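Q: The sequence isn't on hand, but the structure is:
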């Protein structure tokens, strides 16, 4: 929404902004791994942004599972002395799943078995309705 857009706010203050958004996966992406998302997502985006901006480094924001992916990449980059990310800001992102709060309801063995069965039936991807139902359950009070 233009009235509360973070992108508008940043560009209005002279920042150059690049965005990465998830592709809607289908059966062709069923074999994609976390490493694939890191390499083809975060690392590729950092490379493209630094090249396009003519900069050696970038500031980043990770949202939800994208933030989890970004946190993992930051750890990997730190181990390999890769300093192309100056800063990282996280919104609604989990990094320590031992303290997952409400998400723990969806990560016990029974829940994971259910999701694996659903994904197997859908060709290796989680269908949009199941994903939406999960997020709706997390904020059920907001839906009343």
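A: Structure's in. What do you need? Model, not experiment: these values are computed from the prediction. Residues are numbered from 1 along each chain as shown.
Q: Break down this protein into its strands, ranges please.
A: Secondary structure of the chain by DSSP state E: the strands cover 58-63, 85-91.
Q: which one of those is the most hemmed in?
A: Sort those by mean neighbour count, taking mean count of other C-beta atoms under 10 Å, and strand 58-63 sits at the top with a mean of 18. C-beta here means a position set from N, CA and C on the backbone, and glycine is covered the same way.
Q: Output the contacting helices and strands for that strand.
A: With contacts taken as 3 or more C-beta pairs under 8 Å, 6 or more residues apart in numbering; DSSP states H and E, strand 58-63 sits against helix 44-53, helix 65-79, strand 85-91.
Q: orientation of that strand relative to helix 65-79 in degrees?
A: 140 degrees (axes from the mean of the first three to the mean of the last three C-alpha atoms, to 10 degrees).
Q: Give me the sheet partners of strand 58-63 and which way each runs.
A: strand 85-91 (parallel) (DSSP bridges).
Q: what sits up against the partner strand?
A: Residues outside strand 85-91 that contact it (C-beta atoms under 8 Å, 6 or more residues apart in numbering): 46, 57-64, 67, 70-71, 74, 77.
Q: and of the strands of the chain, who's closest to residue 131?
A: Residue 131 lies closest, by C-beta to C-beta, to one member of those: strand 58-63, at 15.1 Å.
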